[in-house]
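A.B. asks: what's the 3D shape of this:
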Amino acid sequence: MDRELQQLLIGSLLGDGSFVSSGGRSVNYYLSIAHKSGQRKYLEYKLSILSKHGLASKIIERTYKDKRFKKGEYTECRIKTRLHPIFTEIRNKYYDDTGHKRVRYEFIKDIDPLGLAIWYMDDGYVTKNSCIFSSCSFTIEEQEILSKVLLEKFNLHFTVGKNDNSM
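C.D. replies: Sure thing, here's the model as predicted:
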């Protein structure tokens with residue numbers, strides 16, 4: 001696997017990607033990534049990486065009616081890759097029995113600036129005084145692993161669990 005695909009997979013595991021079964025008799029999983037329609041160019045960038053490896057599909061745009069949103073609706077753009085053993089391997093190693101993503105040092109230790117950028121674009125934001133990753137789906141222990149890797153690799157210091165399990 002080349003570096004660019006590896007970093008997309010690391011960033012997607014930490015961020016907005018989901019490794020999903022298509023059900024039925026299929027043995028392998030696919031990667032599903034969705035963003036709001038305003039981030040379509042970003043999704044197209046991810047799609048270009050997947051296309052180089054013959055894993056891409058087309059972008060599907062869908063609007064959901066929901067009164068929780070300002071305009072009463074939400075439009076997303078989504079890609080679902082082709083089924084592939086690499087996605088199955090990631091799903092089997094880095095998801096628990098209840099279907100939740102888990103952080104394992106052996107997978108994220110190789111994160112580089114591209115993987116960090118993908119994760120940040122998916123789940124990061126800036127406040128007045130800091131940069132925060134929405135990592136509330138991960139345990140405090142997993143956030144500590146992430147914090148350790150960010151310190152080792154990038155000399156970035158994160159406080160764990162201060163904002164609803166964000167770091």
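A.B. asks: residue ranges with poor pLDDT in this structure?
C.D. replies: 162-167 (pLDDT under 70).
A.B. asks: biggest helix in it, by residue count?
C.D. replies: helix 140-154 (DSSP state H).
A.B. asks: So what touches it?
C.D. replies: If you take Cβ atoms under 8 Å, 6 or more residues apart in numbering as the criterion, helix 140-154 is touched by 14, 102-105, 108-109, 111-113, 116, 133, 135, 138, 156-161, 165, 167. Where you see a C-beta, it was placed from the backbone N, CA and C, and this is true even at glycine.
A.B. asks: run the last query once more with 10 Å
C.D. replies: 14, 101-105, 108-113, 115-116, 119, 133, 135-136, 138-139, 156-161, 165-167 (Cβ atoms under 10 Å, 6 or more residues apart in numbering).
A.B. asks: which among these end up buried?
C.D. replies: Using 16 or more other Cβ atoms under 10 Å as the burial test, these include 14, 101, 103, 108, 111, 115-116, 119, 133, 135, 138, 158, 160-161, 165-167 as buried.
A.B. asks: Just the ones of the residues you listed in strands?
C.D. replies: Among the buried ones among the contacts of helix 140-154, the members found in strands (DSSP state E) are residue 133.
A.B. asks: Show me the buried ones among the contacts of helix 140-154 that map onto helices.
C.D. replies: Those of the buried ones among the contacts of helix 140-154 mapping onto helices are 14, 108, 115, 116, 119, per DSSP H.
A.B. asks: How much space separates the third one from residue 80?
C.D. replies: Distance from residue 115 to residue 80, counting by Cβ to Cβ, to the nearest Å: 21 Å.
A.B. asks: Same check on the last one?
C.D. replies: Computed with Cβ to Cβ, the distance linking residue 119 and residue 80 is 20 Å.
A.B. asks: Same question for the first one.
C.D. replies: When Cβ to Cβ is the yardstick, residue 14 and residue 80 sit 19 Å from each other.
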